[in-house]
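What shape does this take:
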Amino acid sequence: MLQGFKEFIMRGNIVDLAVAVVIGTAFAAVVDTVVSSLISPMLARVGGADVGAFGIQLGAEGNMATLINIGAIINALIIFMLTAAVVYFIVVVPMNKLTAVRRTEDEPDVDEASEEVLLLTEIRDLLRQRDVQA
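Now for the predicted structure:
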């Protein structure tokens, strides 16, 4: 029972998912702070005193319920892209390299034939030659 649980946990996709969720959650706060401290002021410079002012007003002026808030959409997209990039480069790339290394360790070298295989190949070739001559 414990062995089966261990195999389930050690599957690559489950480990990838768990690590991505943990790191993504922890890093989201950092990215949010960077965006709100760096990107939002730049957007506010373009759109006005507040990032919320960077948008398209559909109804009466001043009615925030009819504002398409482009600044908030851009902030959310930047946070998502930065979080996805960090998770990819810090978690996915190293995990893929580790998986590739494990695969190469598990696969036997095809180029190096054992002495028995060489001997059997020679016997096979000799038997083929004998059958062709007969």
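
Look at V87 and tell me its secondary structure.
helix (DSSP: H, G, I helix; E, B strand; the rest coil).

quick one, what contacts it?
Residues near V87 by Cβ atoms under 8 Å, 6 or more residues apart in numbering: 20, 23-24, 27. Heads up, the C-betas are built off the backbone N, CA and C, glycines and all.

Restricted to buried residues, select the residues you listed in ChimeraX.
Per 16 or more other Cβ atoms under 10 Å, the buried members of the contacts of V87 correspond to this ChimeraX selection:
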select :20,27
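
Strands of this protein, residue ranges please.
Assigned by DSSP state E, the strands in the chain fall at 55-57, 67-69.

what would the ones you listed look like in CSV with mean pLDDT, distance to V132 and mean neighbour count?
Formatted as CSV, the strands of the chain follow (pLDDT from 0 to 100; distance: least, Cβ to Cβ, whole Å; neighbours: other Cβ atoms under 10 Å):
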stretch, mean pLDDT, distance to V132, mean neighbour count
strand 55-57, 79, 84, 13
strand 67-69, 79, 82, 15
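
out of these, which comes closest to T33?
strand 67-69 (20.0 Å; Cβ to Cβ).

Check which helices and strands the closest one sits against.
strand 55-57 (3 or more Cβ pairs under 8 Å, 6 or more residues apart in numbering; DSSP states H and E).

Which strands border the strand it packs on, and is each parallel or antiparallel?
Paired strands of strand 55-57, with direction, are strand 67-69 (antiparallel) (DSSP bridges).

got the residue ranges for the helices in this structure?
Assigned by DSSP state H, the helices in the chain fall at 2-9, 12-34, 40-47, 70-87, 93-106, 115-133.

which stretch among these comes nearest G59?
Nearest of those (Cβ to Cβ): helix 70-87, 16.0 Å.

Can you mark which positions in that closest one are buried?
By neighbour count on 16+ other Cβ under 10 Å, the buried set for helix 70-87 is 70-72, 74-75, 78-79, 82-83, 86-87.

And that helix, how far out from the chain middle?
Relative to its chain's centre, helix 70-87 lies at 16 Å (Cα atoms, centre = their mean, to the nearest Å).

between it and helix 93-106, how big is the angle?
30 degrees (axes from the mean of the first three to the mean of the last three Cα atoms, to 10 degrees).
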